[in-house]
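Peer 1: coordinates only, no sequence provided:
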Ligand code: SAM
């Protein structure tokens, strides 16, 4: 998976490649999907949600430019797979999931694998986790129509946020905090599940 899907497409950060080699992806997918765990695609994880394609997990992690002393916020725990990859590199990961059943399953898998520097919250992540701010990096794995302004405001100066944005055609963007503002750059065309709570008629 790492050689053919990730290195071959240009991800080169050795810490990211090592993390992707270490995390047992098959433990994060439902039992009936185990045979496809290392395939080059996203997979359903229940509740209408998905575990992202391995390449996208690696690409987004590399785009964060994580250091080993970094504290990271993740919005959209999902299966917990991306959370584990972050926790392999960073010192502390704060992860928020809006669907309680997914949050509980991810917590159980991550704790069974011995990850002790992950903090979990079941909530709408649109406002982030202000009590633990500022963060060196923030990653969102569900797409808002527009970036919630709360997220870049929770970054340290020079900190990096990577998120998908938009409906229909979506873009993966990287936002770097600069003083009281930020600089944005488009990285890729992507397809993510929508951020729940933002659209009228969806659960808060
Ligand atoms: N990174 C995850 C993984 O490796 O399995 C994939 C996450 S999935 C593409 C996006 C997740 O974001 C879903 O689990 C969804 O329930 C969650 N989500 C959607 N809206 C949210 C919100 N407002 N706050 C927190 N989590 C949200």
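Peer 2: Perfect, thanks for sending it. Bear in mind that the values here come from a model prediction, so they are computed numbers and not experimental data.

Peer 1: what residues does the protein put near the ligand?
Peer 2: 49-52, 75-76, 78-79, 81-82, 96-99, 102, 124-126, 141-142, 192-193, 195-197 (CB under 6 Å from any ligand atom). Heads up, the C-betas are built off the backbone N, CA and C, glycines and all.

Peer 1: can you list which of the residues you listed are found in helices?
Peer 2: 81, 82, 102 (DSSP state H).

Peer 1: list only buried entries from these.
Peer 2: Burial by neighbour count, judged by 16 or more other CB atoms under 10 Å, picks out 81, 82, 102 from those.

Peer 1: follow-up on the earlier one: pull out the buried residues from the residues of the chain next to the ligand.
Peer 2: 49-52, 75-76, 78-79, 81-82, 96-99, 102, 124-126, 141-142, 192-193, 195-196.

Peer 1: and the helices in the protein?
Peer 2: 14-22, 54-64, 81-89, 100-112, 150-153.

Peer 1: direction-wise, compare the second one with helix 81-89 and give the angle.
Peer 2: This means helix 54-64. 40 degrees (axes from the mean of the first three to the mean of the last three CA atoms, to 10 degrees).

Peer 1: what does helix 54-64 rub up against?
Peer 2: Outside helix 54-64, the residues that touch it by CB atoms under 8 Å, 6 or more residues apart in numbering are 1-2, 5-6, 9, 11-13, 16-17, 19-20, 25, 38, 40, 42, 52, 72, 81-82, 85-86, 89, 137, 139, 141, 160, 162, 172, 174, 187-188, 190.
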